[in-house]
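[1] sequence and predicted structure, then a few things I'm wondering about:
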Amino acid sequence: MGQNNVELKSVSSIIGMKFFIPNYQRGYKWKEQQVKDLLEDIDEFIQNNQLDSFYCLQPLVVKETVPEPDKFIEALPRDKGVDVLKETNKVIIENTRWEVIDGQQRLTTIYILLSVLGQKESYSLEYKNRNDNKDFLSKIDNTKLEKKSEENIDFHYMAAAKKTIDTWFNGKENEYKKKFEKVLLNKVQFIWYESDENPIKVFTRINIGKISLTNAELIKALFLNRSNFIGDDYEKVRLKQYEIANQWDNIEYMLQNEEFWLFLHDMYYKNPTRIDLIFNLMCNMGTLDKLIDWKNDKKNDIGTDNYRAFRYFNAYFHSIKAKEQAQNNNITLIEQCWSEINNIFQTFVEWFNDLELYHYVGYLIAFNYQLKDILGEWNKTTKKKTFVNYLIDEIKKKISKYDNLSQQYDSEGEPLKTDCKPLLLLHNIQTVISQNTNYNDNYKLGVFYKFPFHLYKIEGWDVEHIDSNTENDLDEKRSENEFLLNIYNSVSKADKQKIERFINNPTANNFSDFDEHTKKQENSLKDYEKNQVWNFTLLDSSTNRSYGNSIFSAKRRIIIGKDKGRLISVPKIITKNKKPYLELPLEKEAKSSFIPPCTKQVFLKYYSSTSSSPNYWERSDAEAYRKDIYETLKDFGVTYNSTKETHNEK
């Protein structure tokens, strides 16, 4: 199988190499600030006395190639009497180049920097269809090139970079310049990525798609490097490479599943590869530290940039201690490391498939708990129950500030209603766990329904009032109309006709005709009671915006419609011939939204067995809802006073 090789190469190790810049590459374009950034980064490295470590550049992606195959074939030996093998090798060496797929700008800048510092030996840079560039660069330290620099845009930027470097070193001691040159040659390193893929495809992905090489791609090249496999049996090594590559792809495939991924992670992730999550965890947790002989401070060894995880694994593959450990265990470095990777992945799979672990771990991650902390605690325990107790204790801490179900919100000096979001989400999650447990006991089934963290994280979520936050003053004409419009869809046909007559001819009809409905309002919560948990639920922000401060029946209609993928518009009062008319609602298809189970149950009046009407949120409904929250979450420390409220009417 083909393979990409990766390693760290110092600048001194590429001296004498021949690089080829193909014509699909843009010209040299680094501006003054980019050149200064490189100089100042190396200077900071020197000033911080990090000379026992190294400064790492971004990846240099290359492919060994013969740029001019016709010229190569023509140069092959044909004369009799010559050493064909020896002469052919000479031709190969003479015509082979390293095609630069990514990293041309850094490579060119360092070439100019070496020239300014007086480094006599360097590498060569050749350009397809831009042959003058090579000659210009080779003479760039010549002060007479100022006029020539205006001949083409590449010359202009190259000359400008040289001028920036001259200016930056101006006034600095010769001793410092020598030290800078020594550091540049020996302590500045490229991530050397040798690709066997189609160079144009790689270039397009990295440069046109603006997707950099990921840690995963670099680490994969380490894993599939032939030198990391033991033995000379080519077929066995090839099969082992295929096995690793296949397992790798299976892990990546599972992580690309949004349900699995968003259980472990948030929405904000830009890398095309997701197995990086495991490598970053191992790096941050120091998973391989027991196998790596760190001679220097680890932070200095691997840095803090985006490629930190790659350098961590690269250090592992070059660790004498890790190699000795592998030999003692009669396994390869790859098998030793892959075991750790697979253990983490299998842990995620176990969590995902377990009823309690899935919901409690997912809950904590949804509230920004660090996955490495949860995984670290898992690694400390040998029993699932111990780990579950740890998760429950962390959840208790999360809700402890707002675990009084009689607490008031959104009043002066009191918490905002959004502060009870952890409590409401936990109610949903524990409800799902309890329902699963009941079904499992009765039918001996596995997990039949899981809270969909992937849907929850895709949406923006609000804590919203179940019944509107302000009472409608039904003595005012505008409020009367608003009330009637909101109940229109949920009343009988006879009442619909009453509403139409009232709005179309208000002087001939009385609002008292709707006493039956207005009396329902008397059983509703008062304003001062509406800012407690018994009147809060979770809603996606788009649904919340769609109904504003409507009464319960209007919200119920919209929520049920969204759950079914239907949108039922609110009736409107329009003017025709200077008279008001009722425009009846239309029902049409709409995008379905995820409605959390407890929110759905609230608007279906699931919690109250004594509710007299589906169109109003009455005190008995609120009490039943709060009682269910208490019964569901009492093991998490929630409390409430069922006989005495925390606030009196003002």
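    Right, received. Where do you want to start?

[2] show me where the stretch 351-500 of the chain has strands.
    Under the criterion DSSP state E, counting those that start in this stretch, the stretch 351-500 of the chain contains strands at 461-465.

[3] sorry, wrong one. I was asking about the chain.
    Secondary structure of the chain (DSSP state E): strands located at 5-10, 18-21, 55-65, 97-102, 124-127, 188-194, 461-465, 536-540, 566-568, 572-576, 579-583, 587-589.

[4] just put these in TSV and tack on mean neighbour count and mean pLDDT.
    Any C-beta I mention is one placed from the backbone N, CA and C, and that applies to glycine too. Converted to TSV, these look like this (neighbours: other C-beta atoms under 10 Å; pLDDT from 0 to 100):
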stretch	mean neighbour count	mean pLDDT
strand 5-10	18	87
strand 18-21	20	92
strand 55-65	20	88
strand 97-102	22	92
strand 124-127	18	90
strand 188-194	21	89
strand 461-465	21	87
strand 536-540	24	88
strand 566-568	16	68
strand 572-576	10	72
strand 579-583	14	69
strand 587-589	10	70
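
[5] quick one, which of those is nearest to I392?
    Among these, strand 536-540 comes nearest to I392, with 21.0 Å by C-beta to C-beta.

[6] any idea of the angle the closest one forms with strand 461-465?
    Angle, strand 536-540 to strand 461-465, by axes from the mean of the first three to the mean of the last three C-alpha atoms, to 10 degrees: 140 degrees.

[7] Provide the strand pairings for strand 536-540, with the direction of each partner.
    Counting by DSSP bridges, the strands paired with strand 536-540 are strand 461-465 (antiparallel).

[8] export the strand it pairs with as PDB, just CAs?
    What follows is strand 461-465, C-alpha atoms only, in PDB (Å, rounded to 0.1, in the frame of the first residue of the first chain):
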ATOM      1  CA  TRP A 461     -32.200  27.000  23.500                       C
ATOM      2  CA  ASP A 462     -34.200  29.400  25.600                       C
ATOM      3  CA  VAL A 463     -35.900  29.000  28.900                       C
ATOM      4  CA  GLU A 464     -39.500  30.200  28.100                       C
ATOM      5  CA  HIS A 465     -42.600  30.800  30.100                       C
END
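
[9] centre of the chain versus that strand, how much separation?
    Centroid separation for strand 461-465 versus its chain: 25 Å, with C-alpha atoms, centre = their mean, to the nearest Å.

[10] helices of the stretch 201-350 of the chain, start to end?
    In the stretch 201-350 of the chain, the helices defined using DSSP state H, counting those that start in this stretch lie at 215-223, 234-255, 258-264, 276-285, 298-302, 308-317, 320-328, 333-353.

[11] in JSON lines: the ones you listed, plus mean neighbour count and mean pLDDT.
    Formatted as JSON lines, the helices of the stretch 201-350 of the chain follow (neighbours: other C-beta under 10 Å; pLDDT from 0 to 100):
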{"stretch": "helix 215-223", "mean neighbour count": "22", "mean pLDDT": "87"}
{"stretch": "helix 234-255", "mean neighbour count": "14", "mean pLDDT": "86"}
{"stretch": "helix 258-264", "mean neighbour count": "18", "mean pLDDT": "95"}
{"stretch": "helix 276-285", "mean neighbour count": "21", "mean pLDDT": "94"}
{"stretch": "helix 298-302", "mean neighbour count": "16", "mean pLDDT": "57"}
{"stretch": "helix 308-317", "mean neighbour count": "22", "mean pLDDT": "88"}
{"stretch": "helix 320-328", "mean neighbour count": "14", "mean pLDDT": "80"}
{"stretch": "helix 333-353", "mean neighbour count": "17", "mean pLDDT": "92"}
